[in-house]
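S.K.: Fold the following for me, if possible:
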Amino acid sequence: MRWNPPEFGQVSPAEFIPMAERLGYINLLGENIIRIAGRQCKKWADAGLDLRMNINLSVGQIIEPDFLDKIDTLFDETGAPPEKICFEVTESLAIHDERAFEAYNRQGREDSTGRFRNGIFFA
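M.R.: Predicted structure coming up:
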């Protein structure tokens, strides 16, 4: 995702993602990104294109107790084929925030070996 406000020009995710985290907007931002991605994947699928999209997740998103339920709801809303979206959790999550990574695993998720839940792949 890129942010390109007219008054500042293009702002790198390395700048606005930490700001969104500090201000408490990262989960809302993440949900909107997943919704937009889902709509785009649905458009591609409807056009007969066999394309896949990867989405990076923040620590704040994956430690939410209802995170997977939110994902399921967003797929239902957008009609996106879940197998065409891969959610990525970086290795830095395990290194920089061990508690978040443990919470992620307690919720039935796995690390970079990946797994499927309702057709959704977590890398």
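S.K.: State the number of residues packed around S12.
M.R.: By the other CB atoms under 10 Å criterion, the neighbourhood of S12 contains 9 residues. No exception for glycine: its C-beta is placed from N, CA and C like everyone else's.
S.K.: Look at it and report its pLDDT.
M.R.: As predicted, S12 sits at a pLDDT of 82.
S.K.: again, but for K42
M.R.: The per-residue confidence score, pLDDT, reads 94 for K42.
S.K.: That one: how many residues sit nearby?
M.R.: Residue neighbour count, defined by other CB under 10 Å, stands at 16 for K42.
S.K.: That one: what secondary structure?
M.R.: On the three-state scheme (DSSP: H, G, I helix; E, B strand; the rest coil), K42 is labelled helix.
S.K.: the bottom helix or strand of the protein by mean pLDDT?
M.R.: Least confident element among the helices and strands of the chain, by mean pLDDT, DSSP states H and E: strand 115-117 (a mean of 41).
S.K.: Please give me every residue in contact with the residue nearest to N4 when sequence neighbours are not counted.
M.R.: The spatial neighbour of N4 that comes closest, neighbours along the chain excluded (CB to CB, 6 or more residues apart in numbering), is Q10 at 4.8 Å. Contacts here follow CB atoms under 8 Å, 6 or more residues apart in numbering; on that basis Q10 touches R2, W3, N4.
S.K.: Distance of the residue nearest to the first one when sequence neighbours are not counted relative to E88?
M.R.: In this case it means R2. In space, and not counting its chain neighbours, R2 is closest to Q10: 6.1 Å by CB to CB, 6+ apart. From Q10 across to E88, the span is 22 Å (CB to CB, to the nearest Å).
S.K.: E77 now?
M.R.: Separation of E77 from E88 (CB to CB) stands at 21 Å.
S.K.: what do you get for N54?
M.R.: On the measure of CB to CB, N54 and E88 end up 5 Å apart.
S.K.: Check which residues of the helix or strand G30 falls within are buried.
M.R.: Mapping G30 onto the secondary structure by DSSP states H and E places it in helix 26-46. Buried residues in helix 26-46, counted by 16 or more other CB atoms under 10 Å: 26-27, 29-31, 33-35, 37-38, 40-42, 44.
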